[in-house]
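Participant: Return a 3D structure for these sequence lines:
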Amino acid sequence: SNERTETFYGVQLARSKDVLEWPYKTPSAEFMGKSGFYFTPTKKFKDRVTCFYCKKTQSNWKDVKDPTAYHLEASRDCSFSKLLHLSKERSSNPQFDWSEVEIFKDPMCKEAIQIRQETFGKSWPHDKVGGSNPVSENMVNAGFYYSPLDSGDDLAICVYCGVSLEGWEFDDDPLFEHQK
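Facilitator: Modelled structure (predicted):
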């Protein structure tokens, strides 16, 4: 379980004693948390969530099968949801080819680097440690995007091959660790 998912199991409404839980089985609370959302209901919007990455709020989730696709309809520029959506596509479709997705044809093109860099934002923990090797720039250049489950964790996933690594140490070389 992670801190985003935990919000779906009981949130106290502002200026109220009411505690709301996620009202749906589809999509599940677990799936919503893993898709990057916090449960942030209001009296009026009892199924409102907030994207941890772009901070956009959304409601009306009943029977939504693909939260990232639904979120991208309202927040087209959410880099985290774009990457998550494409990663799901890759894992469910053996014929999926990143080179057919215009922005990802060249892993080192400016746009592909930028979209991966944006996922690290200001929250990548190794950017705060002077001299650390797995800084966001090195992670991005090795093909990774940041996919935290809890604040402060360092889970990174390769856009292209799907390898996910965490527990980075001070002198880890992202490219070397990726190729292991």
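
Participant: For Lys122, see how far away the closest residue in space to Phe37 that isn't next to it in sequence is.
Facilitator: In this structure, Phe37 finds its nearest non-sequential neighbour in Val49, 4.0 Å apart by CB to CB, 6 or more residues apart in numbering. From N, CA and C alone the C-beta is placed, and that goes for glycine too. Taking CB to CB, to the nearest Å as the measure, Val49 falls 22 Å from Lys122.

Participant: These two: which is more packed in?
Facilitator: Val49 (27 against 7; other CB atoms under 10 Å).

Participant: need the contact list for the more buried one.
Facilitator: Val49 is in contact with 32, 37-40, 57-59, 61, counting by CB atoms under 8 Å, 6 or more residues apart in numbering.

Participant: Would you list the phi and psi of Tyr38?
Facilitator: phi -100, psi 150 (degrees, to the nearest 10).

Participant: burial of it, as a residue count?
Facilitator: Neighbour tally, Tyr38, other CB under 10 Å: 20.

Participant: Can you name the residues bridging to it?
Facilitator: Listed by DSSP bridges, the beta-bridge partners for Tyr38 are Thr50.

Participant: in the chain, which spans are strands?
Facilitator: 11-12, 19-20, 37-39, 49-51, 57-58, 144-146, 156-158, 164-165 (DSSP state E).

Participant: and Asp47, what does it touch?
Facilitator: So Asp47 contacts 22-24, 41, 59-62 (CB under 8 Å, 6+ apart).

Participant: which among the residues you listed gets closest to Ile113?
Facilitator: For the contacts of Asp47, the residue nearest Ile113 by CB to CB is Trp61; the value is 32.4 Å.
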